[in-house]
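> take a look and give me a structure for this.
(2 chains)
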Amino acid sequence: MDLSRRSFLKTGVAGAVGLSALGFDLQPLQAQSSSLKISRTSQTRSTCPYCSVSCGIIIHTIGDGAKNVTPQVVHVEGDPDHPINRGTLCPKGASLLQDIVNDRRLLKPQVRRPGSDHWEDIPWDQAIDEIATRTKALRDADFIEQDKNGKTVNRWESMAFAGGCTDTNEFNYLVVKSMRSMGVTCLENQARV
Amino acid sequence: MSDRKTLQVQRISGHPGPVPGEGTQRQEKLCKLIDTTTCIGCKACEVACVEWNDMPFQPTMFDNTYQTMPDTSWNYWNLIKFNEVSSDDGSFQWLMRKHQCMHCADPGCLAACPADGAIVQYSNGIVDFEEASCIGCQFCVSGCPFNVPKFNPSTKKVYKCTLCSDRVGQGLEPACIKSCPTGCLHFGTKDDMLQLANKRVVQLQQHAGLKDAGVYDPQTIGGTSVVYILHDATNPEKYGGLPKNPRIPLSFTLWKSWFKPIGLIASMMAFAGVILHYVTEGPRRVQPQPPVREIDGGEARKEN
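Okay, here's the model as predicted:
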């Protein structure tokens, strides 16, 4: 067999091209998994606002707090260190990101007037004034100083207060004090959890 | 983050020859254990999956059951199947099963896939789709015994549950496991999960009167990285799309394990023969043509 240097080189190159064309990958394959989306987030502990179970949650926010950055919440999941849920969440709790990042989230007070079929936006000042005016009027009309037997009760039965599970101890203390001082008896603040 | 590879590739789709780096690092087999007897069908795992993977929302469908939609889709990898089963004695059972990729030890999707690197199996048992290499041929859809991979017509790629390989690769449990409020989902090594499962099965058989309770870890596909505890392991079909003996379709086994290697060897031999012929015989030389005799005084030449 007449094998010159030139034909040996030619054959070698042709063989390498042929092998790679047949699918022999000469590059080592890198094991890769997509990067973790919460690897650089800041974690904030909070409480799920839905039911009275009050599961602990961790809110993951991107942005390192630099001046020119507006942080954005990217993920919410259960807090493994919370004694109530130990990291688990129900479907509503698992979707809490949609509570925060949502076009339909309410950002200002709204009112639906008696007989109206839609909600209208009102300013905070007007909302607080209207609530105060109606509260005063209702209390003046319905306040019971004495019951049938003439016993002093100082009750206001036409008003109720319902709190949420994210209310703190301090907030609940203020709620109880202010509501009791007005004579409200139907008082629920989830302070039992 | 260190440079240490957290996920070691064990098998690659459409890849001829050995897998680079195979067996260079020890890795435990991981497993997801689903106890269907304690599932309450709350769908927290469904929501956690959609949230973690940032998948676009789609409308749910009401079909006279509590099931979110008829089947999983390219943007809904995890679905609780609400199977309403009536027995012969008139009793009614509500068999809820979390349906997602089973991460088979011998994956049909990977065997069927012709695209190099589009489907990889890590040493810990996770079967993952690499969308960048997917060519959208949907062979994996027909190769899967559990009807898991789902095609997205707009991106022309196929998607499925990744067992949260991004989370697991960084030492976190999958999103569905973490959310489950009844603790019917467990995550750990395959050995630990099987031990836990067998313990629970004994409990169900002896104390809950479920004589047929058992573990679903089909050996026809080498076992799965998702293991079920069933009330009635003798009839897994009751749970909706859980075949008793799942198998990779025979056509794929024949084509990929027999015809393809033989064809590859034949084409390589043909190529080697061509090169050998070139080396021994050299290029084809043009033979000197005998002089053309002129007929009819140059008419033939005029036509040319």
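> at which residues are the strands of chain B located?
For chain B, applying DSSP state E gives strands covering B:9-12, B:30-35, B:79-86, B:92-99, B:119-122, B:127-129, B:150-152, B:157-159, B:185-189, B:214-216, B:226-230.
> scratch that, chain A
Taking DSSP E as the criterion, chain A carries its strands at A:42-47, A:56-62, A:72-78, A:110-111, A:120-121, A:144-146, A:152-162, A:184-188.
> where does the stretch 101-250 of chain B dip in pLDDT?
Judged by pLDDT under 70, the stretch 101-250 of chain B has no weakly predicted residues.
> stretch A:160-169: end-to-end distance?
End-to-end distance for stretch A:160-169: 19 Å, by Cα to Cα, to the nearest Å.
> from the chain's centre, how far out does that stretch sit?
Distance of stretch A:160-169 from the chain centroid (Cα atoms, centre = their mean, to the nearest Å) equals 17 Å.
> likewise for stretch B:222-231?
The chain centroid and the centroid of stretch B:222-231 are separated by 15 Å under Cα atoms, centre = their mean.
> anything in it near chain A?
No. In terms of Cβ under 8 Å from any Cβ of the partner chain, no part of stretch B:222-231 sits within range of chain A; the closest distance is 15.4 Å. For every residue, glycine as well, the C-beta is placed using N, CA and C.
> center of chain B - which residue?
Centroid-nearest residue in chain B: B:C109, 4.2 Å away (criterion: Cα atoms, centre = their mean).
> quick one: it and B:A213, what's the gap?
Between B:C109 and B:A213 the computed distance is 30 Å (Cβ to Cβ, to the nearest Å).
> where exactly do the helices run in the stretch 101-250 of chain B?
Using DSSP state H, counting those that start in this stretch, the helices of the stretch 101-250 of chain B run over B:108-112, B:139-143, B:165-169, B:175-179, B:190-207, B:250-254.
> show me how the chain divides into domains.
This is for chain A. Per the record, chain A has its domains at A:42-100, A:111-141, A:143-193, by automatic domain parsing.
> chain B, not that one
Structural domains annotated on chain B: B:9-31+B:43-187, B:249-284, as defined by automatic domain parsing.
> which one, of these, ends up nearest to chain A?
Nearest to chain A among the domains of chain B is domain B:9-31+B:43-187 (4.1 Å), distances taken as Cβ to the nearest Cβ.
> do any residues in that closest one lie close to chain A?
Yes. Using Cβ under 8 Å from any Cβ, domain B:9-31+B:43-187 comes into contact with chain A via B:9, B:12, B:15-17, B:19-21, B:43-44, B:46-48, B:51-52, B:54, B:116-117, B:122, B:128, B:130, B:165-167, B:169-170, B:172, B:175, B:178-181, B:183.
> just the buried ones among those residues, please.
Neighbour-count burial (16 or more other Cβ atoms under 10 Å in any protein chain shown) applied to these gives B:9, B:12, B:15, B:19-21, B:43-44, B:46-48, B:51-52, B:116-117, B:122, B:128, B:130, B:165-167, B:169-170, B:172, B:175, B:178-181.
> check contacts around B:C184.
B:C184 sits next to B:34-40 when contact means Cβ atoms under 8 Å, 6 or more residues apart in numbering or on different chains.
> again with A:V153
Taking Cβ under 8 Å, 6+ apart, we find A:V153 in contact with A:144-147.
> before we move on, back to that, mean pLDDT and distance to B:T224 for the strands of chain A - can I get that in JSON lines?
Below are the strands of chain A laid out as JSON lines (pLDDT from 0 to 100; distance: least, Cβ to Cβ, whole Å):
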{"stretch": "strand A:42-47", "mean pLDDT": "92", "distance to B:T224": "34"}
{"stretch": "strand A:56-62", "mean pLDDT": "94", "distance to B:T224": "31"}
{"stretch": "strand A:72-78", "mean pLDDT": "94", "distance to B:T224": "26"}
{"stretch": "strand A:110-111", "mean pLDDT": "95", "distance to B:T224": "51"}
{"stretch": "strand A:120-121", "mean pLDDT": "94", "distance to B:T224": "54"}
{"stretch": "strand A:144-146", "mean pLDDT": "93", "distance to B:T224": "68"}
{"stretch": "strand A:152-162", "mean pLDDT": "93", "distance to B:T224": "48"}
{"stretch": "strand A:184-188", "mean pLDDT": "90", "distance to B:T224": "48"}
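> could I get those as CSV with distance to A:T133?
Shown next, in CSV, are the strands of chain A (distance: least, Cβ to Cβ, whole Å):
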stretch, distance to A:T133
strand A:42-47, 33
strand A:56-62, 37
strand A:72-78, 37
strand A:110-111, 13
strand A:120-121, 17
strand A:144-146, 21
strand A:152-162, 14
strand A:184-188, 17
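> what's the closest of those to B:G143?
Of all the strands of chain A, the one in closest proximity to B:G143, counting by Cβ to Cβ, is strand A:72-78 (33.1 Å).
> who does A:E120 bridge with?
A:V111 (DSSP bridges).
> ok, back up a step: neighbour-wise, which of the contacts of B:C184 leads?
For these, the largest neighbour count, defined by other Cβ atoms under 10 Å in any protein chain shown, is 26 neighbours, found at B:I34.
> would you mind measuring from that one to B:I221?
Distance of B:I34 to B:I221, computed by Cβ to Cβ: 17 Å.
> which of the domains of chain A is buried the deepest?
Most buried of the domains of chain A, by mean neighbour count (mean count of other Cβ atoms under 10 Å in any protein chain shown): domain A:42-100, with a mean of 17.
> what about that domain, start to end distance?
16 Å.
> now check that domain, is it near chain B?
Yes. Applying Cβ under 8 Å from any Cβ, one finds domain A:42-100 in contact with chain B at A:75-78, A:80, A:85, A:87-91, A:93-95, A:97.
> would you map the helices across chain A?
Ranges of helices in chain A, per DSSP state H, are A:5-21, A:91-94, A:97-100, A:124-142, A:169-182.
> what about these, which gets the closest to A:S39?
Nearest to A:S39, of all the helices of chain A, is helix A:97-100, at 17.2 Å by Cβ to Cβ.
> let me see the mean pLDDT of that closest one.
For helix A:97-100, mean pLDDT is 92.
> gap between that helix and the chain center?
5 Å.
> which elements pack onto it?
On a contact count with 3 or more Cβ pairs under 8 Å, 6 or more residues apart in numbering or on different chains; DSSP states H and E, helix A:97-100 meets strand A:72-78.
> quick one: strands adjacent to the strand it packs on?
strand A:56-62 (antiparallel).
> kindly calculate the angle that the partner strand makes with strand A:42-47.
Taking axes from the mean of the first three to the mean of the last three Cα atoms, to 10 degrees, one finds strand A:56-62 and strand A:42-47 inclined to each other by 150 degrees.
> for strand A:56-62, give me every contacting residue.
Contacts of strand A:56-62 from elsewhere in the structure, counted by Cβ under 8 Å, 6+ apart, are A:38, A:40-48, A:71-79, A:81-82, A:84-85, A:89, A:93, A:96, A:100.
> mind running it again at 7 Å?
Identification of contacts with strand A:56-62 by Cβ atoms under 7 Å, 6 or more residues apart in numbering or on different chains yields A:38, A:41-48, A:71-79, A:82, A:84-85, A:93, A:96.
> the bottom helix or strand of chain A by mean pLDDT?
For chain A, using mean pLDDT, DSSP states H and E, the weakest element among its helices and strands is helix A:5-21, scoring a mean of 63.
> list just the nearest of the contacts of A:V153 to chain B.
Closest approach to chain B among the contacts of A:V153 (Cβ to the nearest Cβ): A:I144, at 44.1 Å.
> just list the residues touching the closest one, thanks.
A:153, A:155, A:157.
> try it again at 10 Å.
Contact analysis of A:I144 by Cβ atoms under 10 Å, 6 or more residues apart in numbering or on different chains lists A:152-158, A:183.
> residues from the stretch 201-304 of chain B in reach of chain A?
Within the stretch 201-304 of chain B, the positions near chain A by Cβ under 10 Å from any Cβ of the partner chain are B:264, B:267-268, B:271-272, B:274-276, B:278-283.
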